[in-house]
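In: Following is a predicted model, sequence given first.
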Amino acid sequence: MKGMSKILRGFTFKPVLLYCEGRGAKEDAPKGRLLGGNMSGQSVRELLDEFLAARRLRPDIEKTTWHNSLRLPPGDQITDQKWLLVAEDYMRLMGFSPLHPYCIWAHDDEAAVHIVASRIAFDGRVYLGKNENLASTRHIQSLERAHGLRLTKGPEYLNPEAAPEALRPVPRARARLKKSELDAAVRTGREPPKLRLQRFIDEAVAGGPSIVEFAERLEAEGVTVRANLAATGTLSGLSFGLEGAVFKGSALGKAFGWQGLQARGVTYEQVRDGASLQRFGTAARTAAVHGGVADAARVVVEQSHRAWADADEVGPGFGRLEPAPAPANAGSGLAYRADSNPSGTDSTSAAGAGRRTGQDRLGSEPIDGRAAAPRSDSGRPAHAAEAGRHEGFGRSADRGVEGQARDIRQALTGDHQAKIEAWRRQAKALGAPTYRVTLIGRTGKADGQRINLGKARDEAQPETLYDADQVEGLIPQLRWRNATGFDVYVTPVDARHHYLVIDDMKCGASQLLANLGHSPCLVQSSSAGNEQAVLKVERLERPDEQALANRLVLELNLQHGDPRFSGAIHPFRMAAFSNKKVDRGNAFTRILHAVPRLCARAAALIQELRQAADNLVAGSRRKRDDDQAEADARRLVQRNRDRLEIEFGRDEDAGQAFRRAAVGVLGWVKLRGLAEDTSRVDYRAAIAMLEAGWSEMQVRAGMLAGSDDLAGRHSDPVDYVERTVCKAGAEVATSASAASARLRLRPSGQ
């Protein structure tokens, strides 16, 4: 019996319950049957309600869903009742309590059950399940024996009686090949170095040799043996190298570590073998390598070329494409820097050979015209030494034997060098702080795949974006991916700028753009007769900014490029990588123009769109204010038909206040059936504002800003406003005096 290769945990219960009930996309497959469990629900809806009730007890737990399946070997069948017993025992052994709700489903076309459980119990306890995949395998083996099922093969354990969290599989006597090693073997048709080393060591241990005889036998086969000897002569382990690949003995399998070799008959007596074994130690090998670096460089580079050259693509100016293997740390942005010293020589020897410090191994000037990077005492670039950067295949660079070998392996091919130079030129023109790197499969096994190198497997983790140096560090991996059928794209991610892409332009379209006043920062050709341009413009902090940029990209592509291309944030091709679309003939993406600049014409166009959007918003806001003022006027007039009252907002400016007063006066006039007179409305609105406490200066400013068609009605609007406000002020003052006089003449007590 087997479980799933990995027990699944999730955020929601509904999808897995629907799958167990309906089999998802398998339309013709039999539907699932609910066998049982410890829940009362009989439908997905009822089960979901119970699961959610448990989840609400612990809102701090995110992944509450637990899902595994138990599957019998082909041909075996058991009854539903026995499945229930097996599943109940399995859940108990896994550490679930009776208060953890779970249900069991069966599908009639397979000898298996699915178990869906909640990690949260009804008493609030949480199932942690440490090392649960290993524990599950062990418990399944015990259930096979307990229930009389056919025994299936599973891993052995160092301590079978230990608690589940202490389980540890017995190390394999012979390490298996990794997927990358298998892929390399398929591409090159050569036996992987790991397998060859295992075979050579198996032959060398025959007859129980001494450690020196064992090392000499391997040396005769071209294997480099390194003995980890302490100053006291104690031997703590061995490592083996073949064709530039170095493995610790334990990395080849338990049988190839020092203890495993001793168990297979290899002997070491310090008195007998100590002196002879010194030549296989670190110090002796360091001296030997320093004497033959040049020959070693030639051998390693030639072997690397034979091992990894699986494509025969030639592009103008780029030479043969020889994909390099993707190092384990390539995705982290640790760089193969072109400004390192690939030949392993120092600046003195470079000058003696007629080259200035900083020139590459072909004698050219420093890449992109920059001065050679200052070097630390260790021989690495100073910035790399200070920042703790790494070189080579994912291990810290030292200047001993392995450091020299890593420098040798970094000797750049012409294609690799060209891609570095092209990327530096492209990145300098774009000037973005970070980039997204995307791979899209076009041919072979890669067809249809889409890979975002910075996307984490855990959705809760943020996406990783790369700066220009980190993208340069990805080039070895990107070369390999490009050779296996992937197109390589970059997307600038910049909070301060838009990068507007015009795609699928015909030859010469960049000149047409220039004639129209556009200044692209980048123009490149991705195939014959096909160009793309990138216009860089400043980005503003507006809620509609992205929509306006998308609108501009759509208009530009409708006029000059691909009408389907409508997004301002859009990937485009990384320079110097080949186009893997079927009908493009592996054409390399070539840079035609690259100038770090902003496009003034595109900036003016997007500013026009911003202004139009602002005008539209302002008009809508003014109409809304007028409608509100009219509604307020109706409400006030209905309350008191004989008296006009205007309520003003606290935050209104003078123009808004005057419009509100004018709308209120007009509504009051209409309601009373009086003749409409615009000048009379202005006058009454001014009185209303003055009575509400606005100053004459504010009323004049409000009338100039808010009176309808003032310039069309009067040849001198300023004079008209001055006279109207003065007259209104006089009436307000007279009304106030009359009211005061009435108060003085009123008899006391009344």
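Out: Structure's in. What do you need?

In: Please make it C-alpha for all contacts and neighbour counts, starting now.
Out: OK.

In: Please spell out which residues along stretch 659-675 are buried.
Out: Judged by neighbour count using 16 or more other CA atoms under 10 Å, the buried positions of stretch 659-675 are 659-669.

In: do you know how far the nearest residue to residue 240 once chain neighbours are set aside is from residue 215?
Out: What sits nearest to residue 240 in space, not counting adjacent residues and going by CA to CA, 6 or more residues apart in numbering, is residue 225, at 4.9 Å. According to CA to CA, to the nearest Å, residue 225 and residue 215 sit 6 Å apart.

In: again with residue 624
Out: 90 Å.

In: And the two? Which one has more around it.
Out: residue 215 (23 against 12; other CA atoms under 10 Å).

In: Tell me which residues touch that one, please.
Out: Residue 215 is in contact with residue 225, counting by CA atoms under 8 Å, 6 or more residues apart in numbering.

In: for residue 533, what are its contacts?
Out: 501-503, 510, 520-524.

In: what helices or strands is the longest helix anywhere in the chain leaning on?
Out: The residue-count maximum for a helix in the chain (DSSP state H) belongs to helix 600-639. Applying 3 or more CA pairs under 8 Å, 6 or more residues apart in numbering; DSSP states H and E, one finds that helix 600-639 contacts strand 530-538, helix 545-560, helix 654-672.

In: would you list these in TSV and tack on mean pLDDT and distance to residue 475?
Out: Putting these into TSV (pLDDT from 0 to 100; distance: least, CA to CA, whole Å) gives the following:
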stretch	mean pLDDT	distance to residue 475
strand 530-538	90	22
helix 545-560	86	30
helix 654-672	82	61
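
In: Which one of the ones you listed lies nearest to residue 100?
Out: Closest to residue 100 of these is helix 545-560 (CA to CA; 47.6 Å).

In: okay, the angle between the closest one and strand 530-538?
Out: For helix 545-560 against strand 530-538, the angle by axes from the mean of the first three to the mean of the last three CA atoms, to 10 degrees is 150 degrees.

In: If you count contacts, what does helix 545-560 end up packed against?
Out: strand 497-505, helix 600-639.

In: Outside of the following helix or strand past the shortest one itself, list whatever touches it.
Out: For strand 497-505, the succeeding helix or strand toward the C-terminus, using DSSP states H and E, is helix 509-515. When contacts are defined by CA under 8 Å, 6+ apart, helix 509-515 is touched by residues 519, 523, 531, 533, 560.

In: Out of these, who's the most crowded?
Out: Neighbour-wise, those (other CA under 10 Å) top out at residue 533, 27 neighbours.

In: give me the element the closest residue to that one other than its chain neighbours is part of.
Out: Distances taken as CA to CA, 6+ apart put residue 523 closest to residue 533, at 4.4 Å, once the chain neighbours are dropped. Using DSSP H and E, residue 523 maps to strand 522-527.

In: Now find how far off-centre that strand is within its chain.
Out: Relative to its chain's centre, strand 522-527 lies at 25 Å (CA atoms, centre = their mean, to the nearest Å).

In: Which strands or helices does that strand pack on?
Out: Short answer (3+ CA pairs under 8 Å, 6+ apart): strand 522-527 packs on helix 414-430, strand 530-538, strand 590-594.

In: Which neighbours in the sheet does it have, and how are they oriented?
Out: strand 530-538 (antiparallel), strand 590-594 (antiparallel) (DSSP bridges).

In: now that strand against strand 497-505, angle please.
Out: Between strand 522-527 and strand 497-505, the angle comes out at 30 degrees (the same axes, to 10 degrees).

In: Point out where the protein drops to low pLDDT.
Out: 23-29, 153-172, 282-413, 507-510, 565-567, 632-645, 647, 649-650, 672, 738-750 (pLDDT under 70).

In: Phi and psi next, for the closest residue to residue 242 other than its chain neighbours.
Out: Excluding its sequence neighbours, the residue lying closest to residue 242 (CA to CA, 6+ apart) is residue 223, at 5.3 Å. With angles defined as degrees, to the nearest 10, residue 223 sits at phi -90, psi 130.

In: what do you get for residue 445?
Out: Taking degrees, to the nearest 10 as the convention, residue 445 sits at phi -70, psi -20.

In: and it, what does it touch?
Out: Residues in contact with residue 445 (CA under 8 Å, 6+ apart) are residue 485.

In: Distance check, it against residue 486.
Out: Distance, residue 445 to residue 486, by CA to CA: 10 Å.

In: ok, residues contacting stretch 47-61?
Out: Here stretch 47-61 makes contact (CA under 8 Å, 6+ apart) with 13-14, 39-41, 64, 101, 118, 120-122, 124.

In: In these, find the pair that's most separated.
Out: Farthest apart among these - using CA to CA - are 14 and 124, which lie 21.0 Å from each other.

In: wait, isn't residue 629 in contact with residue 665?
Out: No - contact criterion CA atoms under 8 Å: residue 629 and residue 665 do not qualify, at 10.2 Å.

In: Point me to the helix or strand that includes residue 12.
Out: Under the criterion DSSP H and E, no helix or strand holds residue 12.

In: Identify the residue nearest it in space, chain neighbours excluded?
Out: In space, residue 12 is closest to residue 65, 6.2 Å off (CA to CA, 6+ apart).

In: and stretch 534-547, how far apart are its ends?
Out: 18 Å.

In: I meant stretch 449-460, not that one.
Out: End-to-end distance (CA to CA), stretch 449-460: 23 Å.

In: Could you tell me which residues within it count as buried?
Out: Buried positions in stretch 449-460, judged by neighbour count with 16+ other CA under 10 Å: 453-455.
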